[in-house]
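Chemist: quick one: sequence plus predicted model below, questions after.
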Amino acid sequence: MNKQVLSFTAALTIALTSCKKDNNETKAIEYPTMAEAVDPAVLFTASNGVKVYNGGYGSAVAVDPASPDVFYMLTDRGSNVAGQAANSIIIGKPDFAPQIGKFRLKDGKLMLEQVIELKNSSGAKLNGLPNPAGMGASGETAYDLSGTVLTPSPDGIDSEGLVRMADGSFWVSDEYGPHLAHFDANGKALERINPFGNGQGGRRIPAVFATRRANRGMEGLTITPDGKTLVGIMQSPMYNPSRTAVSNSVVIRILTYDISSGATKQYAYLMESTSLTGVSEIVAVNSTTFLTLERDGLFGGAPTNPAAFKKVFKIDLSSATDISDPTNGANGKLFGGKTVEELNNAAGLTAAGITPVSKVLVLDLLRDLPSVYPHDKAEGLALLPGNILVISNDDDFGVVDNGASGFAQKMLPITNKVDGNRLYFVKINL
């Protein structure tokens, strides 16, 4: 693939600026190169003394056009680590409600002003438990810290992508169904859309998305500037038709969803390598141009086995082939008897007559920031006026797998401090 590297200007010692109106006066907002969330609350302390923080914000970030110093940041399903059994997870706080935090940038720090817990249409809190069969089940078995099996929940959501609408409501994408869920400004569900049609309202996305790989669902979500079309991207190639059949594939699907009509389109996106964790986010530049974030799962600057890949690309859908299946088959439209994922790479797509989205490099987080990017999980993107790119990290509530059946503290190798939620600000040239 021929990639042109675009130039950009990173913020060094000069603060990036935008403007806000306050009492009919325009004031400059100064953005530091990095801002960290202040004093996250402790959700609980594990029996081995490990603190689990709340924290957890950074799976996605959305800006408030009316207040450029306000950022909405999303948690995922809650503190969890891999279990010892195959396809198992340990959930630290089963009653944790995935949530949106409203943060304000003040004196170079992020101050939590409001917590918006996600709720179902009846107003009961959602949770991070896997869904039941037929409702978006991931195939995972969930346990609590005592080893008790947790019952799957129809109110479970593994929230990953976030859009804030002009009316103050939110759209959230997740990794279970995958689901597209619409919440009012207070977090109460208005609609839940998935491949099964069993959410509120009964609308659905194409059936092929039910083949998503567990815990690698619709990781990124954005909206076109006109506020009409949601655009979601899957984290990894879907297991379509099976895990074995796509083991060498770098083909990922992008979904566009017209909010008014429910009409969808699909496009092929080529991930850079099968070794990557995948695509973490997508954010709109205009109606056809977007930024995506691809990454590995390693820590930047680690003394051993350091991160090698955390990059932002600019993509364009305008010349890409719509790969939608008009019959809405379980495996989507086939090309020469193969699924799009089975075509594996650029050569396979070309042979099938498919043009993927175009793609050029914009930013390398590991080389282009003024200091070392220390995190493993760069996960959220937002775009401020003046092409100021905002990047959030998922701190995993400050915990990781301890190699047995419990939690260890998540320490950044380069600082030897517990990972925390940060926003990075970089001016890019688009």
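Modeler: Sure, I can see it.

Chemist: next, count neighbours for the residue nearest to Ala124 when sequence neighbours are not counted.
Modeler: Excluding the flanking residues, the one nearest Ala124 by C-beta to C-beta, 6 or more residues apart in numbering is Asp155, at 6.9 Å. Where C-beta positions appear, they are placed from N, C-alpha and C, glycine not excepted. Neighbourhood size, Asp155 [other C-beta atoms under 10 Å]: 19.

Chemist: so who does Asp155 touch?
Modeler: Asn120, Ala124, Lys125, Leu126, Asn127, Leu129 (C-beta atoms under 8 Å, 6 or more residues apart in numbering).

Chemist: quick one: it and Val52, what's the gap?
Modeler: 21 Å (C-beta to C-beta, to the nearest Å).

Chemist: tell me what Phe425 is bridged to.
Modeler: Note on Phe425: beta-bridge partners by DSSP bridges are Val390.

Chemist: any chance you could map the helices in the stretch 301-430 of the chain?
Modeler: Secondary structure of the stretch 301-430 of the chain (DSSP state H, counting those that start in this stretch): helices located at 346-351, 365-368.

Chemist: dump those to TSV, plus mean pLDDT, distance to Thr229 and mean neighbour count.
Modeler: Shown next, in TSV, are the helices of the stretch 301-430 of the chain (pLDDT from 0 to 100; distance: least, C-beta to C-beta, whole Å; neighbours: other C-beta atoms under 10 Å):
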stretch	mean pLDDT	distance to Thr229	mean neighbour count
helix 346-351	98	23	15
helix 365-368	97	28	17
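
Chemist: just put the ones you listed in TSV and tack on distance to Ala245.
Modeler: Shown next, in TSV, are the helices of the stretch 301-430 of the chain (distance: least, C-beta to C-beta, whole Å):
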stretch	distance to Ala245
helix 346-351	12
helix 365-368	32
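
Chemist: close enough to count as contact, Ile233 and Thr292?
Modeler: Yes. At 6.6 Å, Ile233 counts as touching Thr292 under the criterion of C-beta atoms under 8 Å.

Chemist: which residues touch Ile205?
Modeler: Pro178, Leu180, Ile193, Asn194, Pro195, Leu255, Tyr257, Thr264.

Chemist: and which of those is nearest to Ile100?
Modeler: Leu180 (15.6 Å; C-beta to C-beta).

Chemist: before we move on, back to that, overlap in contacts of Ile233 and Thr292?
Modeler: Gly220, Tyr269, Val279, Glu281, Ile282.

Chemist: now the two most distant members of those residues.
Modeler: Checking those with C-beta to C-beta, the most distant pair is Tyr269 and Glu281, at 12.6 Å.

Chemist: ok, these two, which is more surrounded?
Modeler: The residue with more neighbours, out of Tyr269 and Glu281, is Glu281; 30 against 24, by other C-beta under 10 Å.

Chemist: need the per-residue pLDDT for the more buried one.
Modeler: Per-residue pLDDT puts Glu281 at 98.
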